[in-house]
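Asker: quick one, structure for this:
(chains A and B, ligands or ions: 2)
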Amino acid sequence: MIAFDNVAYSYGGGELLSDVSLRLTPGSFHFLTGPSGAGKSTFLKLCYAELLPTAGRVTIFDREVRGLDRDEVARMRRRMGVVHQDCQFLDHLPIAANVTLPLAVSGRDTSAQDLADLLAWVGLGQLADALPPSLSGGERQRAAVARAIIMSPDVVLADEPTGNLDWDMSLRLLRLLVELNRMGKTILVATHDLNLIRNAKQQVAARVLRISNRRVQLAGADL
Amino acid sequence: MRITDLLAELRQPDRQADRVVPPSGHTAWLTSFVAGTMAFLAVFALALSLAAGRLADRWSEALERTATIRISAPEEQMETQTRAVLAVLETTPGIGSARALTDAEQQALLAPWFGADLPLDTLPIPRLVELHEEGEGYDAEGLRQRLAAEAPGAVLDDHLRWRQPLAVAASRLRLLGGASILLILASMAAMITLAANASLAANAQVIRVLRLVGARDIYIARAFVRRFTLRALTGAGVGALAGMAAVTLLPSAEAAGGFLTGLGFQGAGWFVPLLLPPIAGTVAFFATRAAALRKLKELT
Ligand SMILES: Nc1ncnc2c1ncn2[C@@H]1O[C@H](COP(=O)(O)OP(=O)(O)OP(=O)(O)O)[C@@H](O)[C@H]1O
Ligand SMILES: [Mg+2]
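Answerer: Ligands and ions are numbered 1, 2, ... in the order given. All right, here's what the predicted structure looks like:
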């Protein structure tokens, strides 16, 4: 689904990631951990082609990212749901329009019932008409999750999706991701939250990738 | 891109697609204003161009029908030669009327060059005879030969030399009007491109989000293109109507007379400036589209 071959990335200074080779196979569930500033968000950006590797190859849906034109990148992103660490909303549009944005830009209709169900599920039923800037951090994250999954994407990439959520809401979100994974979706979640990872491991065969010393490696069973 | 595609993109706007770009009062106003001003100016350039065309036609027609005969002779022969010339002209087929200019008329003709108090009678000034053609016109070569025989000091000037530069000047003027319209349209394209670029840059974050959720460039570009095209269309509509109103208020041909006679639209000419708004819309469409597709690559 997503493959890295000897990938390196640098923002211009020294390399942030070096010689990363790994595969996210279809239907797999991965966590990505590492200290703040280690490059978790950077790794995810490489996964959805916001950044191109400075060396090596990133392959998404069997296509090398570097060879894709802009329209192909757009179509590829429609098959991925991404929860960005900083959410990324259109601040002038209400939450409902933001959540259905992926459908709108790909020319698909929105079922009002599906939208209502989804918003209710993430606990934002009352806030459909609110503007993003008026939401709390946790509410914004839940809206971002709703937007990421509304297209029923093949891959879900989530960057600290529970960073601002209480434990109950985090577990609720985790259950959603697990459910999606059981439907065959590929999941990658960047998080600091070891409790969340432990809890997930009781439900699915989740594996943990850790960034240390510029490498991304599978962590052992002990975390 | 065919015209039907263009119309399809402007068709009953896709509300959702338009709303993804926040309304921007500043550039909106700027674009309408530029389109309006340019259409207003273009109306005048158009009026100038059309009037110059008519002028060129009228001048060459009027000049074609008249000619002058210049008689240079010693003082004592002037009268006889003038009479001989008039006699020749009377018997020449194709000449309707002929008369010698009076001293006062000659003085008026020369005044611009030599001043009003020119002592005509003390200077060897040639006498001018003005003739008007009729019907098929006269045979210039035959007339020259007869004049040479009857009045050796008479020279036929059939105005060809004068008509040529005048007609050329008028058609140059028409060309200049046309070139002005092209320049005005080009400036409008340039200014709309700048406004579109500014608008795109101001919306960089919106564009980023749209790209992240899988929007193609053309989808984003359309939201901008539709907006700018409609603004240019309405702005140019208002500008063109204002320009036409201003042209209507120009003094009429009778009142102004002379060189400015008939600077304005006549008959079907009134429909020509109505083409300006659709042209402005088309210019805005392609200018914004090109700017958007280029700028989008820069921004994300
Ligand atoms: N656009 C950028 N230009 C230059 N440096 C950047 C840029 N984005 C991130 N960095 C740097 O790259 C490093 C990794 O950033 P990244 O956001 O990937 O870390 P992270 O692991 O997600 O951290 P956190 O857990 O705090 O979210 C940081 O040191 C950051 O300062
Ligand atoms: Mg991060």
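Asker: can you list the domains in chain A?
Answerer: A:1-79+A:154-223, A:89-152 (automatic domain parsing).
Asker: can you pull out the strands in chain A?
Answerer: Here chain A has its strands, by DSSP state E, at A:2-9, A:17-24, A:29-33, A:55-60, A:63-64, A:80-83, A:155-159, A:186-190, A:207-212, A:215-218.
Asker: coming back round to it: would CSV of the domains of chain A with mean neighbour count and mean pLDDT be doable?
Answerer: (Glycine included, C-beta is placed from N, CA and C.) Listed next are those as CSV, based on neighbours: other Cβ atoms under 10 Å in any protein chain shown; pLDDT from 0 to 100:
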stretch, mean neighbour count, mean pLDDT
domain A:1-79+A:154-223, 17, 92
domain A:89-152, 18, 92
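Asker: for ligand 2, see how far away the closest residue to ligand 1 within the stretch 101-250 of chain B is.
Answerer: Across the stretch 101-250 of chain B, no residue is closer to ligand 1 than B:Arg208, which sits at 12.5 Å (Cβ to the nearest ligand atom). The spacing between B:Arg208 and ligand 2, counted by Cβ to the ion, to the nearest Å, is 17 Å.
Asker: kindly report the same for A:Val83.
Answerer: From A:Val83 over to ligand 2 the distance is 11 Å, taken as Cβ to the ion.
Asker: got it, and A:Asp5?
Answerer: Counting by Cβ to the ion, the gap from A:Asp5 to ligand 2 is 23 Å.
Asker: which residue is the nearest non-sequential neighbour of that residue?
Answerer: Leaving aside its sequence neighbours, A:Asp5 sits nearest to A:Arg57 (Cβ to Cβ, 6 or more residues apart in numbering or on different chains; 4.5 Å).
Asker: hmm, A:Gly67 and the one you found touching each other?
Answerer: No. A:Arg57 is beyond contact range of A:Gly67, at 9.7 Å (criterion: Cβ atoms under 8 Å).
Asker: before we move on, which element is B:Ser60 in?
Answerer: Per DSSP states H and E: B:Ser60 is located in helix B:25-64.
Asker: in that helix, what counts as buried?
Answerer: Across helix B:25-64, burial judged by 16 or more other Cβ atoms under 10 Å in any protein chain shown covers B:27-28, B:30-56, B:59-60, B:63.
Asker: mind giving me the packing neighbours of that helix?
Answerer: Helices and strands touching helix B:25-64, by 3 or more Cβ pairs under 8 Å, 6 or more residues apart in numbering or on different chains; DSSP states H and E, are helix B:160-202, helix B:217-248, helix B:276-299.
Asker: dump those helices to TSV, plus distance to ligand 2 and mean pLDDT.
Answerer: Below are the helices and strands packed on helix B:25-64 laid out as TSV (distance: least, Cβ to the ion, whole Å; pLDDT from 0 to 100):
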stretch	distance to ligand 2	mean pLDDT
helix B:160-202	27	85
helix B:217-248	26	92
helix B:276-299	22	91
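Asker: of all those, which lies closest to A:Asp154?
Answerer: Proximity to A:Asp154 (Cβ to Cβ) singles out helix B:217-248 among these, at 21.4 Å.
Asker: now the angle from the closest one to helix B:25-64?
Answerer: Angle, helix B:217-248 to helix B:25-64, by axes from the mean of the first three to the mean of the last three Cα atoms, to 10 degrees: 50 degrees.
Asker: what's the angle from helix B:217-248 to helix B:276-299?
Answerer: With the same axes, to 10 degrees applied, the angle from helix B:217-248 to helix B:276-299 works out at 150 degrees.
Asker: so what does helix B:217-248 touch, helix or strand wise?
Answerer: Applying 3+ Cβ pairs under 8 Å, 6+ apart, we find helix B:217-248 packed against helix A:70-78, helix B:3-10, helix B:15-19, helix B:25-64, helix B:160-202, helix B:204-212, helix B:276-299.
Asker: nearest to A:Pro133, of those?
Answerer: Nearest to A:Pro133 among the helices and strands packed on helix B:217-248 is helix B:204-212 (12.5 Å), distances taken as Cβ to Cβ.
Asker: buried stuff in the closest one?
Answerer: By 16+ other Cβ under 10 Å, the buried positions in helix B:204-212 come out as B:Val206, B:Ile207, B:Val209, B:Leu210, B:Arg211, B:Leu212.
Asker: which parts of the stretch 151-300 of chain B sit against chain A?
Answerer: Residues of the stretch 151-300 of chain B lying close to chain A by Cβ under 8 Å from any Cβ of the partner chain are B:206, B:208-217, B:219, B:296-297.
Asker: same check, this time on the stretch 1-150 of chain B
Answerer: So the stretch 1-150 of chain B meets chain A at B:Gln16, B:Ala17, B:Arg19, B:Val20, B:Pro22 (Cβ under 8 Å from any Cβ).
Asker: by neighbours, which of the residues you listed wins?
Answerer: Neighbour counts for the residues of the stretch 1-150 of chain B next to chain A (other Cβ atoms under 10 Å in any protein chain shown) peak at B:Val20, which has 25 neighbours.
Asker: so how far is A:Thr191 from it?
Answerer: Separation of B:Val20 from A:Thr191 (Cβ to Cβ, to the nearest Å) stands at 31 Å.
Asker: give the contact list for A:Gln85.
Answerer: Residues in contact with A:Gln85 (Cβ atoms under 8 Å, 6 or more residues apart in numbering or on different chains) are A:Ser41, A:Asp159, A:Glu160, A:Gly163, A:Ala190.
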